[in-house]
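Undergrad: Here is my input; please provide its structure:
(chains A and B)
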Number of protein chains: 2
Amino acid sequence: MTSEPLINTDRLWTRLMSLAEIGATPAGGVNRQALSDGEIAAWRRVIGWAREGGLTPSTDAAGNLFLTLAGRDRTAPPLLLGSHLDSQPTGGKFDGAAGVMAALEAAVSLAEQGEKPARDLIVVAWMNEEGSRFAPGMMGSEAFTGERGMDAIRAARDADGISVGEALDRLHQAFPDMPHRPLGFAAGAYLELHIEQGPVLEAADCMIGVVTGIQGKKTFQVVVEGAEGHAGALAQQERRDALAAFAEVASALHAEIGAIDADIKFTIGRIAVVPNAPSVVPSRVSFSIDLRHPDNAVLDAAGARIETLCQEKAPPCSVTVTPLVDAPSNVFDPRLRASIAEAAREQRYSAMAILSAAGHDARHLAKVCPAAMIFIPCRDGASHVEHEWAEPDHVAAGTAVLAQVLRELAFAPAIEA
Amino acid sequence: MTSEPLINTDRLWTRLMSLAEIGATPAGGVNRQALSDGEIAAWRRVIGWAREGGLTPSTDAAGNLFLTLAGRDRTAPPLLLGSHLDSQPTGGKFDGAAGVMAALEAAVSLAEQGEKPARDLIVVAWMNEEGSRFAPGMMGSEAFTGERGMDAIRAARDADGISVGEALDRLHQAFPDMPHRPLGFAAGAYLELHIEQGPVLEAADCMIGVVTGIQGKKTFQVVVEGAEGHAGALAQQERRDALAAFAEVASALHAEIGAIDADIKFTIGRIAVVPNAPSVVPSRVSFSIDLRHPDNAVLDAAGARIETLCQEKAPPCSVTVTPLVDAPSNVFDPRLRASIAEAAREQRYSAMAILSAAGHDARHLAKVCPAAMIFIPCRDGASHVEHEWAEPDHVAAGTAVLAQVLRELAFAPAIEA
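TA: The predicted structure is shown next:
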């Protein structure tokens, strides 16, 4: 344990606010979609800071960004730490970005101490965590951990018909000299800082959340098919109105699934209507379902019930329910959690164990190496909104804890899982 | 009554199919939105045919297209006949276009007989009947009849933020040498041919519908406001989910308003969700309501109930209901209806009286001059769909009836209302 400051808190905050200028929205939020011009601009800015700090950029076939601080033993499994740079369309300044900037600050500060770490430290920004432009999200970490193949990932398309493959090629063309790493190399450990995206830490007046695990999540794409017709001519009893059927289905789902217990989270967030014209009876409604619960048994039962309810309520329209994400609840590495709690204690930050309500790339990394997450509070628990906010002191505290855990791992002769 | 053929049926059909090439969709329909490049191209083609037939093009501030066959008395109120050239986004070849081409064929055939009519005959294509790009529709006929002012019309915007004013200026710039008529000149009578857009004529095996009137219509724009939040973190009981509230509102409206009686038509055709992302609780849902009934008292009562039901079902979200169109049922001119029935009888086409379920520009013209409509059957009653279809024989029959009524009016010393 060094007595010098673990991080430069001013630099950290200044850089985080600078990053938030890229894709800034008039209402103070950030719209920086995966693989967009905004994300490419964010890469350039972050790479510039990394190079100043002595880190070297590289990428992989999945469009993940790696910033490496070389260690003494280049063959030892490196330490990975980071988050993501993409945002929701009406997202905030902290979701993802805070984790990448905290990791960069921790690594650069360590480099500035002068002593080479025992192994490589790699700051990572995973591709398309949010899944708002290309669904479903966490593409970069799923490709890295072998959860999903690149062919399937490259085939996904955004609302304008642009494929991930096309957008990835465009990203790589924007950085023609950047070396490509093989997809999915072995890592010694993974650490991720993130805003909580919930109200628990704030309510407990607690600065550091030691994340125990991530609540399970299932997502579905549902398509209701009816028949188009003239709004003024087609008799009501002869209609197969896809939007009327959707309303029945959605009402039933919200009423039943949304009321399972206090821990359930049920959301229909996206809908598309065809032809979506005021005087045409809609022929087709497709919509997304996002379902989460910390208990895998409850999650599975609720998921099964969704298909049944859709089939019950859609007639006279037909309905198809396609499962997309099926991610059970997971548990983070106990040793890393203990190190995080100990670092918070030493630095005199209040800390508590907390379950992550939201999904994170760490879910996937936890399958291939010891992994853990550090949460910091966000105002009113609000996230995926433009007024998302984390206090500078909280960002600094979380980053200092991350930096301390990183140093312990960076100079350890070996990492035990 | 001349013994020569009233119209050239081959030319009529060939031109109608040629017009359908402009904005043709892969599924055989037409997407030719108001004031779009497609509509400008349609104008060029129709104007070319009109000039060949001796008709002269002009326009007005509302972007209506007029094609004038000069009569002996240029000061007598002209006869207007026509329909519209714009379509629904997934519309067909006949809705609107058949009426314009029938009017053009009737006027050109009359011109070919050589004898000048007593007064001007003007074929008209009204601007934005459909209301699918700029809502609400019938802008051209409402401006012409003074129903709506040009300032309000020019201020309406499409989904891309383009105003009617900008699109109108663009249309006029595309035809820089075309004379502009004053908006809303006096007309001696108005005639419009249209496909029925319903199943009545086909079921009765009847070729000509003598339209008695148009069923009343109200439209509304409804906005449900909630609060955005993270789909994985925000507790269900703390949500103000605008899409969940929409589902409750829409279910209640369909169940109650849609079941008033066998004549009611209730449609939610267009919806927009904000931010419309899979893992964000929606903060805002706006949607359109289209309500129709032939009985004005029933229509008024149903319209009033809509506002009440929205307020009952939207909480914990808030809701605002804005009435747009309020068009009571109307009755067409009895003398013109009798002339249409007589022309059908003379030409040995089966005919019947029929109420129009859909709205048409003739609704507005009927307020300022004697007006009437001729319906022809369409297959399966389907309209506002890409497979919309009318038989060539039916298009020809309706056009011949229109042509005969036109000749009687064109050579009459005066038109009695």
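
Undergrad: in the stretch 51-200 of chain A, which spans are helices?
TA: Using DSSP state H, counting those that start in this stretch, the helices found in the stretch 51-200 of chain A span residues A:97-112, A:139-144, A:150-155, A:164-174, A:200-203.

Undergrad: and those as JSON lines, adding mean pLDDT and mean neighbour count?
TA: In short, each C-beta sits where N, CA and C put it, glycine included. Compiled in JSON lines, those are given as follows (pLDDT from 0 to 100; neighbours: other C-beta atoms under 10 Å in any protein chain shown):
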{"stretch": "helix A:97-112", "mean pLDDT": "97", "mean neighbour count": "26"}
{"stretch": "helix A:139-144", "mean pLDDT": "98", "mean neighbour count": "28"}
{"stretch": "helix A:150-155", "mean pLDDT": "96", "mean neighbour count": "15"}
{"stretch": "helix A:164-174", "mean pLDDT": "97", "mean neighbour count": "17"}
{"stretch": "helix A:200-203", "mean pLDDT": "94", "mean neighbour count": "17"}
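
Undergrad: of those, which approaches B:Thr219 most closely?
TA: Proximity of those to B:Thr219 was assessed by C-beta to C-beta; the nearest stretch is helix A:164-174, lying at 39.5 Å.

Undergrad: ok, that closest one near chain B or not?
TA: No: using C-beta under 8 Å from any C-beta of the partner chain, helix A:164-174 never reaches chain B; the gap is at least 15.8 Å.

Undergrad: So what's the residue count around A:Glu196?
TA: For A:Glu196, the count of nearby residues is 25 (other C-beta atoms under 10 Å in any protein chain shown).

Undergrad: how near is it to chain B?
TA: Separation of A:Glu196 from chain B (C-beta to the nearest C-beta, to the nearest Å) stands at 8 Å.

Undergrad: Contact partners for that residue?
TA: The contact partners of A:Glu196, by C-beta atoms under 8 Å, 6 or more residues apart in numbering or on different chains, come to A:Glu202, A:Gly209, A:Ile354, A:Ser356, A:Phe375, A:Ile376, A:Pro377, A:Cys378, A:Gly381, A:Ser383, B:Ala233.

Undergrad: Go through those residues and flag which are in helices.
TA: A:Glu202 (DSSP state H).

Undergrad: and which of the contacts of A:Glu196 is nearest to B:Leu336?
TA: Out of the contacts of A:Glu196, the member with the shortest distance to B:Leu336 (by C-beta to C-beta) is A:Ser383, at 64.5 Å.

Undergrad: can you tell me which residues contact the residue nearest to the closest one when sequence neighbours are not counted?
TA: Once flanking residues are discounted, A:Ser383 sits nearest to A:Gln197: 3.7 Å by C-beta to C-beta, 6 or more residues apart in numbering or on different chains. Each residue near A:Gln197 by C-beta under 8 Å, 6+ apart is listed here: A:Asp95, A:Ala357, A:Ala358, A:Cys378, A:Gly381, A:Ser383, A:His384, B:His230, B:Gly232, B:Ala233.

Undergrad: isn't the fourth one right up against A:Glu202?
TA: So that's A:Cys378. Yes: A:Cys378 lies in contact with A:Glu202 (C-beta atoms under 8 Å); the separation is 7.3 Å.

Undergrad: quick one on the thing from earlier: strands - which of the contacts of A:Gln197 land there?
TA: Of the positions in the contacts of A:Gln197, B:His230 sit in strands, assigned by DSSP state E.

Undergrad: Any quick PyMOL command for the buried ones out of the contacts of A:Gln197?
TA: Under the burial definition 16 or more other C-beta atoms under 10 Å in any protein chain shown, those of the contacts of A:Gln197 that qualify are selected in PyMOL by:
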select buried, (chain A and resi 95+357+358+378+381+383+384) or (chain B and resi 230+232+233)
